[in-house]
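Student: turn this into a model:
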Amino acid sequence: MDGDRRKWRQCFLGGAVFAVCMAGTTLPTPLYGLYQDKFGFSELMVTVVYAVYAFGVIGVLLLAGNASDAVGRRPVLLTGLVFAAASAVCFLCADGLPWLYAGRLMSGLSAGLFTGAATVYVLELAPDSGASRATFVATAVNMGGLGCGPVLAGMLAQYVDWPLYLPFAVHLVLIACSAVVLLRLPETVRERRPLSTVRPQRPGVPPGVRAVFGPAAIASFVGFALFGVFTSVSPTFLAESLDVRNHAVSGLVVALAFFASIAGQLLVGRFGVGRSLPLGCATLFVALALLAGALRWDLLALVVLSAIVAGVGQGLAFRGALSAVAEASPPHRRAAVISMLFVVAYTGISLPVIGVGVLAGPIGLEDAGLVFIACMAVLVTTAAVYLLRRPVRVKI
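Tutor: Next comes the predicted model:
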């Protein structure tokens, strides 16, 4: 019993380190308007700055996503914390767009290293009898950390001096504390190999998995695309269209989507994967409709409601997608297939958001958002219809 208690304590501490890293990736979200005012760049540049993060994550997943299997979890996670600290320093030194690009790239590299390694580390630190609970801890601290970033930055920016500096100084302190915690946790990889043995992964989808992977990937793409829009342009929409200039409020609206995702992931256990995927798609469609209404009639209540519904839909769809794809994949190809799913998901965070930024100039942010919603609605409807006609036959 004492051994299990110690292992759970280690599991939760590892999860706390994971949350600190992920919080740093969303820390700038409620601050983009302030950066626009300070540096005078367009909405397109906001979306590009945001999307640079996703390119960093994708690059690490493809080039070094399996590094922790070779060199150990702690060295990779400590490297991720170094990149997270470098990101905070870039934002602290920012006097123009290049610093913001560098900060977001460093943040993407840190998240790319943590996404796989920290998830596995949290699972390995937990007792063998608590696999299901540990899986929820890993997914909850990931989304919870993402949600805490905009809340922390929004509160500090609104109610404390130095809004463009204090959030990143606080994050540096949290990173330092996380490094101390990580150094006191045990390494879980017993047989380690030199870094030179790590090779770039070649994600792929075996023919037998494609029927499951296609709709799962589309649902993941739409869910992450919605998150991308909320975290990149919703603060600007709140300020310009709804006259909501309180940074704490805009940070909280974004955070609601991430916190609601945790609830959505919990529901997968109740509904099962076969039902969760189409239900997640349907929920995402409802979220898109609510967001369209918010853009059309400039209603804050609909923005908040769409954030919550989008989070639940994303949680249902993405955890369902991961479970379905993992079970359908042959063991020797499972890591490569899941890496491909993450690549598709993070592509959803970047490309559609840049598209919104490109369209915002000539047609305005609201109309650009409506074009985005229409495109995502077509994708998610296609996935839902396919899943209803050919249900996924797996159990979570």
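
Student: for Asn142, helix, strand, or coil?
Tutor: The local conformation at Asn142, judged by DSSP: H, G, I helix; E, B strand; the rest coil, is helix.

Student: leaving out sequence neighbours, find the closest residue to it.
Tutor: In space, and not counting its chain neighbours, Asn142 is closest to Met22: 5.7 Å by C-beta to C-beta, 6 or more residues apart in numbering. (Glycine included, C-beta is placed from N, CA and C.)

Student: before we move on, which element is Leu284 in?
Tutor: Assigned by DSSP states H and E, Leu284 falls within helix 273-297.

Student: which strands and helices lie in contact with the following helix or strand past that helix?
Tutor: Downstream of helix 273-297, the next assigned helix or strand under DSSP H and E is helix 300-328. Secondary-structure packing of helix 300-328 (3 or more C-beta pairs under 8 Å, 6 or more residues apart in numbering; DSSP states H and E): helix 210-232, helix 234-240, helix 247-271, helix 273-297, helix 334-363.

Student: and helix 300-328, what's its mean pLDDT?
Tutor: Mean per-residue pLDDT for helix 300-328: 90.

Student: could you pull out the buried residues of that helix?
Tutor: Buried residues in helix 300-328, counted by 16 or more other C-beta atoms under 10 Å: 302-328.

Student: residue contacts, the residue nearest to Asn142?
Tutor: Ala111, Phe114, Val141, Asn142, Gly145, Leu146, Gly149 (C-beta atoms under 8 Å, 6 or more residues apart in numbering).

Student: now do the same for it: its pLDDT.
Tutor: On the pLDDT scale, Met22 gets 96.

Student: helix/strand/coil for it?
Tutor: Three-state assignment for Met22 (three-state DSSP): helix.

Student: number the chain from 16, please
Tutor: Renumbered: residue one is now 16, and that last one reads Met37.

Student: and the gap between it and Tyr174?
Tutor: Distance, Met37 to Tyr174, using C-beta to C-beta, to the nearest Å: 23 Å.

Student: do Phe54 as well
Tutor: For Phe54, the distance to Tyr174 - C-beta to C-beta - is 24 Å.

Student: which of these two has more neighbours?
Tutor: Phe54 (14 against 11; other C-beta atoms under 10 Å).

Student: pretty sure the more buried one is touching Gly111, no?
Tutor: Yes: under the criterion of C-beta atoms under 8 Å, Phe54 makes contact with Gly111 at 5.9 Å.
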